[in-house]
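Colleague: sequence unknown, structure follows:
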């Protein structure tokens, strides 16, 4: 699921036909009279539709939707035109052709019109028991964007819990969820995204019930992510917006995707209660949960420090080199600042094996941000970044210290992995250091994926030395 365009959004009310048409007219930058003429309507007739005092009757519906979709797609379509819809659809995809946009607008206009017609005819769509479905990749993709956007925008004033059991790698849905959907993180800060999986970490597309590091990295950029392990059969893939909407996914014998939306309130409650009674276990901790755990389990945390962290993978600039007073100067350090400093000291002084990505060091040189998990990011001004990086020199005094440092060239950017004993702790944070989680995996279910990262990386065997480190620091900071 691509997370893009961190752009400020306007406040949009509930999606209805009049509001949708008003926004589309504004995006198209065309006068309302021109749109009215194209729809074979008078300006006053269009005004009634825009204000909601009149709706197209059922015999007009098909022609009305087609004419409107044709008009707006003709005047709006251009390269990356999906960006123009950020105020309307925080969940969308990149339109590769005029026909893609026309198809999307057809579904969006029909969706808004059907909602208005249901309200006008006093039909409560949340309690209807008749079923309907959408078949085919294009219809599933379009309706998924429209329905999710409607709830994300309309319910943005309150927390929204989302539960997913959609395989991250699935023949019918991987292309839709991983490659097509573009999510605006500005509209997702109120969402807690709960994902169920089998507890294992794999980068292979053959492991449909596992998750990948890329999935964690991308999802954390837009949501508060909670991972849940389960040994239960949760049935067919689903996406549940608690108390709002249930989307059930299936595929036909030829692989054609099928989407069944359910809004029946009683069934949504029944489904949620049944889900929570399954054999499930949350392995993710928020900042408040992590702080509470440290305070309530001091012996366990102390035992972890005594055991030591044997391996770390750094895909973001964690502040291992920060001094105690620098950590304690951060506003959120009063409860676990001492724990963080002790952890960093153990990692730096106990022979921990280091894997660090070049991109993480480049980002520090560019931004000066050193991250302290669950506390914040310490900022270094330009003139202090080189001295901070040079603090690492004291850990390179002995020749054998170079053998524990390995370079990585990785696309991952917002996480760090700490391996200790039987566990791997995966810390992930968004680009603004606001959304963060730590996920605790059984090491046995993560090791194959980490080994693959090492095996496939060409820089791992590159010999590290003090001369190389000094040269790299100079080059890095000179290029910022």
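Modeller: Okay, I see it. What you see is a predicted model, and the numbers here were worked out from it, not measured in a lab.
Colleague: outline the domain layout of this protein.
Modeller: 2-282, 297-478 (automatic domain parsing).
Colleague: please tabulate these in JSON lines, including the columns mean pLDDT and distance to residue 291.
Modeller: C-beta here means a position set from N, CA and C on the backbone, and glycine is covered the same way. Converted to JSON lines, the domains of the chain look like this (pLDDT from 0 to 100; distance: least, CB to CB, whole Å):
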{"stretch": "domain 2-282", "mean pLDDT": "85", "distance to residue 291": "16"}
{"stretch": "domain 297-478", "mean pLDDT": "86", "distance to residue 291": "5"}
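Colleague: in JSON lines: those, plus mean neighbour count.
Modeller: Formatted as JSON lines, the domains of the chain follow (neighbours: other CB atoms under 10 Å):
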{"stretch": "domain 2-282", "mean neighbour count": "17"}
{"stretch": "domain 297-478", "mean neighbour count": "17"}
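Colleague: quick one: residue 371 and residue 478, what's the gap?
Modeller: 24 Å (CB to CB, to the nearest Å).
Colleague: please disregard the earlier target; I meant residue 442.
Modeller: Residue 442 is 44 Å from residue 478, where distance means CB to CB.
Colleague: swap in residue 333?
Modeller: 33 Å.
Colleague: cool, residue 104 as well?
Modeller: 47 Å.
Colleague: so which residues of the stretch 201-350 of the chain form strands?
Modeller: Per DSSP state E, counting those that start in this stretch, the stretch 201-350 of the chain carries strands over the ranges 224-230, 238-241, 245-251, 257-262, 280-282, 284-285, 311-314.
Colleague: dump those to a markdown table, plus distance to residue 344.
Modeller: Output for those, formatted as a markdown table (distance: least, CB to CB, whole Å):
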| stretch | distance to residue 344 |
| --- | --- |
| strand 224-230 | 24 |
| strand 238-241 | 39 |
| strand 245-251 | 43 |
| strand 257-262 | 47 |
| strand 280-282 | 27 |
| strand 284-285 | 19 |
| strand 311-314 | 10 |
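Colleague: stretch 433-452: end-to-end distance?
Modeller: End-to-end distance for stretch 433-452, by CA to CA, to the nearest Å: 28 Å.
Colleague: can you check stretch 304-315 too?
Modeller: Stretch 304-315 end-to-end distance (CA to CA) = 22 Å.
Colleague: same deal with stretch 310-323?
Modeller: Taking CA to CA, stretch 310-323 runs 22 Å from one end to the other.
Colleague: what does stretch 234-246 give?
Modeller: For stretch 234-246, the separation between the terminal residues is 14 Å (CA to CA).
Colleague: report the distance from it to the chain centre.
Modeller: 18 Å (CA atoms, centre = their mean, to the nearest Å).
Colleague: contacts for that stretch?
Modeller: For stretch 234-246, the external contacting residues (CB atoms under 8 Å, 6 or more residues apart in numbering) are 147-148, 151, 155, 160-167, 170, 173, 196, 247-250, 261-263, 265, 267-269, 271-272, 275, 278.
Colleague: returning to that earlier point: turn the domains of the chain into CSV, columns for distance to residue 290.
Modeller: Shown next, in CSV, are those (distance: least, CB to CB, whole Å):
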stretch, distance to residue 290
domain 2-282, 13
domain 297-478, 5
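Colleague: tell me which element residue 406 falls in.
Modeller: strand 405-408 (DSSP states H and E).
Colleague: just checking: what are the partner strands of that strand?
Modeller: Note on strand 405-408: by DSSP bridges, its sheet partners are strand 353-357 (parallel).
Colleague: show me the contact partners of the partner strand.
Modeller: 310-315, 404-410, 412-413, 453-454, 460.
Colleague: ends of stretch 217-233, what's the gap?
Modeller: For stretch 217-233, the first-to-last residue distance is 26 Å (CA to CA).
Colleague: distance between it and the chain's centre?
Modeller: Averaging C-alpha positions (CA atoms, centre = their mean) puts stretch 217-233 9 Å from its chain's average.
Colleague: stretch 42-54 too?
Modeller: Here stretch 42-54 is found 39 Å from its chain centre; the criterion is CA atoms, centre = their mean.
Colleague: residue nearest the centroid of this structure?
Modeller: With distances taken as CA atoms, centre = their mean, residue 219 lies nearest the centre of the chain, 2.4 Å away.
Colleague: tell me what the nearest residue to that one once chain neighbours are set aside is bridged to.
Modeller: Nearest non-adjacent residue to residue 219, counting by CB to CB, 6 or more residues apart in numbering: residue 225, 5.0 Å away. For residue 225, the beta-bridge partners are residue 193 (DSSP bridges).
Colleague: residue 225 reaches residue 284, doesn't it?
Modeller: Yes: using CB atoms under 8 Å, residue 225 is in contact with residue 284, at 6.6 Å.
Colleague: residues shared between the contacts of the two?
Modeller: Common contacts of residue 225 and residue 284 (CB under 8 Å, 6+ apart): residue 437.
Colleague: what's stretch 368-379 in contact with?
Modeller: With CB under 8 Å, 6+ apart as the test, stretch 368-379 has contacts from 287, 290-291, 316-319, 321-322, 326-327, 329-333, 336-337, 340, 363-364, 380-382, 384-385, 388, 416, 427, 429, 433, 436, 438.
Colleague: could you list which of those belong to helices?
Modeller: Using DSSP state H, the subset of the contacts of stretch 368-379 located in helices is 287, 290-291, 326-327, 337, 340, 363-364, 382, 384-385, 388.
Colleague: return the member of those nearest to residue 77.
Modeller: residue 363 (35.5 Å; CB to CB).
Colleague: return the residues in contact with the closest one.
Modeller: Neighbouring residues of residue 363 by CB under 8 Å, 6+ apart: 316, 317, 369, 413.
Colleague: cool, thanks, signing off.
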